[in-house]
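Q: structure for the following, please:
(chains A and B)
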Amino acid sequence: MRPFEYQRPTTTDSALAAIAPGAAFIAGGTNLIDLMKLEVMAPDTVIDISRLGMDGIEEDDGGVRIGATVTNSDLAADRRVRRDYPVLSRALLAGASGQLRNKATTGGNLLQKTRCPYFYDTDTPCNKREPGTGCAAIGGEQRNHAILGTSEHCVALHPSDMAVAMRALDAVVEIRGAGGETREIDLEKFYLLPEDRPQDETVLEPGELIAAARLPAPKGTRQVYRKVRDRASYAFALVSIGAVLEMEAGRISHAAVAFGGIGVKPWRDGAVDDLLTGEEPSEGLFEQAGEVLMRDARPSDGTEFKVGLTQRLLKAVLTEATQ
Amino acid sequence: MKIELTVNGTARALDLDPRVTLLDALREHLKLTGSKKGCDHGQCGACTVIAGGRRINACLSLAVMHDGDEITTVEGLAEATGGTLQQAFVRNDGMQCGYCTPGQLCSATAMLDELREGWPSHVSDDLNGPYELTHEEVSERMSGNLCRCSCYPGINAAITEAGAAK
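A: Here you go, the predicted model:
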């Protein structure tokens, strides 16, 4: 690990004042410390934001406001979250291990790096790690890469379970700027597509800090999270789906379906939600949704299986959610 | 950097480079070598200790971030918990080489606390419980601790026995 200076400010304002080019915030550290050991990331200053009191879960205009340093464990076990946002509890519990969930935070989960093995291997080219060097993943081992939103420069997928549920719940990210100002952005618009700049992953500007994630009042009571992976626990998703639905008089009145394991960012497709909304649930409808979802998919030989796997999982999830 | 940790009930002053992980601080600086370094990347659980009552991977945490925290390692576990779990591991043959055992013991101790506090798991049918200490629940809740000797049946039985005894 490269040497760095460690700072632990006591207020959010002083943390924002301390951040500078080359510095990094640290909260749980479960991803950043790993990346620093591998020297994939080498900040010269590490600013500890774990004790700034950003760890509260509060009622918020019918919804909840989740502080950036709320741990994945505390969020999954929160009584309101279990009651009103079970898809979020389920997604969190499907991710990582008990030890990691006790450290990993809400803000850090949103900002976690891809697990593309080439991003972690500093001996291989990677446009995300070292812009302009090329992509070893394209043409390399591909089982865990994205099939939606990819570009000729990057096929790395976003590995979060939590963010998939948050996409289906229409989460909003609350951001503090260097001047202390606050801005909010829909999670939908928070992540960027890789295109020709895979190093730019979110709309966060230098010096900005995630303060919280906000969830509006739940729009559906039928919430399902399903995850398919190579082992029964403690593995990243090959495919995962978080669905929030509501039914009225036998028809789907609200549909929000988000996907993990297949997209360069936590994926949601308005055309899928629109197709389902207002319709009576049926096998044919769910199959059509799977076709629409995959209309622009760009699988490789190594990820071709994800197309059918996702479509079958979607059918199972929608069947469960509409029963 | 000067920090203080309370390790197994004793205050310990340390002067550390900020790069030192909590695991290396315990093993190399305090000579508490019970906590093991397996993968050093948070994938195996051999380094599991209890910090502020919660189990964590000591390898993925900077020691300086724990200034003022209470840490329990395997060396202090028997005194803190009475040794029921350790005895259950012996009785149920919950180890072969023993390298993962300190992490298994710390992890299981904190896991049983999580269960008592009503935390759900991925395999819980109802997010609001109640949760039985079934084989499936123990396997899921302990999935962050790998055993290369694959003593999982014995480990699972030992934790189930100790959990039921409490």
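
Q: now do the same contact list for the closest residue to chain A within chain B.
A: The nearest approach of chain B to chain A comes at residue B:144, 2.6 Å away (Cβ to the nearest Cβ). Backbone N, C-alpha and C define where each C-beta goes, glycine included. Residue B:144 sits next to A:96, A:97, A:98, A:99, A:100, A:234, B:45, B:48, B:57, B:107 when contact means Cβ atoms under 8 Å, 6 or more residues apart in numbering or on different chains.

Q: how about it, nearest residue that isn't a chain neighbour?
A: Nearest residue to residue B:144, sequence neighbours excluded (Cβ to Cβ, 6 or more residues apart in numbering or on different chains): residue A:97, at 2.6 Å.

Q: before we move on, which element is the closest residue to residue A:35 other than its chain neighbours in?
A: Closest residue to residue A:35 apart from its sequence neighbours, by Cβ to Cβ, 6+ apart: residue A:41 at 4.2 Å. Assigned by DSSP states H and E, residue A:41 falls within no helix or strand.

Q: now do the contacts for the residue of the stretch 1-150 of chain A found nearest chain B.
A: Closest approach between the stretch 1-150 of chain A and chain B, counting by Cβ to the nearest Cβ: residue A:97, at 2.6 Å. Residue A:97 makes contact with A:233, A:234, B:45, B:143, B:144, B:145, according to Cβ under 8 Å, 6+ apart.

Q: re earlier: now the residue nearest to residue A:35: how far from residue A:310?
A: 31 Å (Cβ to Cβ, to the nearest Å).

Q: with neighbour numbers in mind, choose between those two.
A: residue A:310 (25 against 17; other Cβ atoms under 10 Å in any protein chain shown).

Q: can you confirm the more buried one is in a strand?
A: No: read with DSSP: H, G, I helix; E, B strand; the rest coil, residue A:310 is helix and lies in no strand.

Q: per-residue pLDDT, it?
A: pLDDT recorded at residue A:310 is 98.

Q: residue A:48 and residue A:23 touch, don't they?
A: No: counting by Cβ atoms under 8 Å, residue A:48 does not reach residue A:23; the two are 11.4 Å apart.

Q: measure how buried residue 123 is and give me the count.
A: No chain specified, so I'll use chain A. With other Cβ under 10 Å as criterion, residue A:123 counts 6.

Q: my question was about chain B, not that one.
A: Applying other Cβ under 10 Å, I find that residue B:123 has 16 neighbouring residues.

Q: just the element for the nearest residue to it once chain neighbours are set aside, please.
A: Excluding the flanking residues, the one nearest residue B:123 by Cβ to Cβ, 6+ apart is residue B:140, at 4.5 Å. Assigned by DSSP H and E, residue B:140 belongs to helix B:135-141.

Q: what about that helix, distance to the chain center?
A: 15 Å (Cα atoms, centre = their mean, to the nearest Å).

Q: count residues in the vicinity of residue A:231, would you?
A: Residue A:231 has 7 nearby residues by other Cβ under 10 Å.

Q: and what about it, helix, strand or coil?
A: coil.

Q: any idea how far it lies from residue B:143?
A: Counting by Cβ to Cβ - residue A:231 and residue B:143 are separated by 8 Å.

Q: likewise for residue A:103?
A: 16 Å.

Q: and those two? which has more neighbours close in?
A: When neighbours are counted by other Cβ under 10 Å, residue A:103 comes out ahead of the other of residue A:103 and residue B:143, with 27 against 21.

Q: which residues are contacting the helix or strand following the helix holding residue B:140?
A: Remark: after helix B:135-141, the chain's next helix or strand is helix B:152-165, criterion DSSP H and E. Helix B:152-165 is contacted from outside by B:84-85, B:87-89, B:91-95, B:104, B:108, B:111-112, B:115, B:133, B:135, B:138-139, B:142, B:145, B:147, using Cβ under 8 Å, 6+ apart.

Q: what angle separates the helix or strand of chain B with the lowest mean pLDDT from helix B:152-165?
A: Ranked by mean pLDDT, DSSP states H and E, the weakest helix or strand in chain B is helix B:74-81, scoring a mean of 92. If you take axes from the mean of the first three to the mean of the last three Cα atoms, to 10 degrees, helix B:74-81 sits at 30 degrees to helix B:152-165.

Q: do helix B:74-81 and chain A meet?
A: No: if you take Cβ under 8 Å from any Cβ of the partner chain as the test, helix B:74-81 misses chain A, and the best it gets is 14.5 Å.

Q: helices or strands up against that helix?
A: Applying 3 or more Cβ pairs under 8 Å, 6 or more residues apart in numbering or on different chains; DSSP states H and E, one finds that helix B:74-81 makes contact with helix B:84-91, helix B:101-116.

Q: got the contact list for residue 19?
A: I'll assume chain A. A:25, A:47, A:178, A:206, A:207, A:209.

Q: could you do chain B instead?
A: A:1, A:3, A:4, B:62.

Q: can you pick the most crowded of these?
A: residue B:62 (28 neighbours).

Q: so which of the helices and strands packed on helix B:74-81 is nearest residue A:218?
A: Of all those, helix B:101-116 sits nearest to residue A:218, with 25.6 Å by Cβ to Cβ.

Q: what sits up against stretch B:73-88?
A: B:7-9, B:26, B:32, B:34-35, B:49-50, B:72, B:94, B:101-103, B:105-106, B:108-109, B:157-159, B:161-162, B:165-166.

Q: buried residues in stretch A:263-273?
A: Using 16 or more other Cβ atoms under 10 Å in any protein chain shown as the test for burial, stretch A:263-273 gives A:263, A:264, A:265, A:266, A:267, A:268, A:269, A:272, A:273.

Q: pretty sure the first one sits against residue A:145.
A: Read it as residue A:263. No: counting by Cβ under 8 Å, residue A:145 is not a contact partner of residue A:263; they are 10.6 Å apart.

Q: phi, psi of the residue nearest to residue B:144?
A: Here is the backbone geometry of residue A:97 (degrees, to the nearest 10): phi -130, psi 170.

Q: that one and residue A:188: what is the separation?
A: Taken as Cβ to Cβ, the span from residue A:97 to residue A:188 is 29 Å.

Q: and for residue B:73?
A: Taking Cβ to Cβ, one finds residue B:73 at 44 Å from residue A:188.

Q: give me the more crowded residue out of those two.
A: residue B:73 (26 against 16).

Q: mind pulling up the pLDDT for that one?
A: Looking at residue B:73, the pLDDT reads 98.
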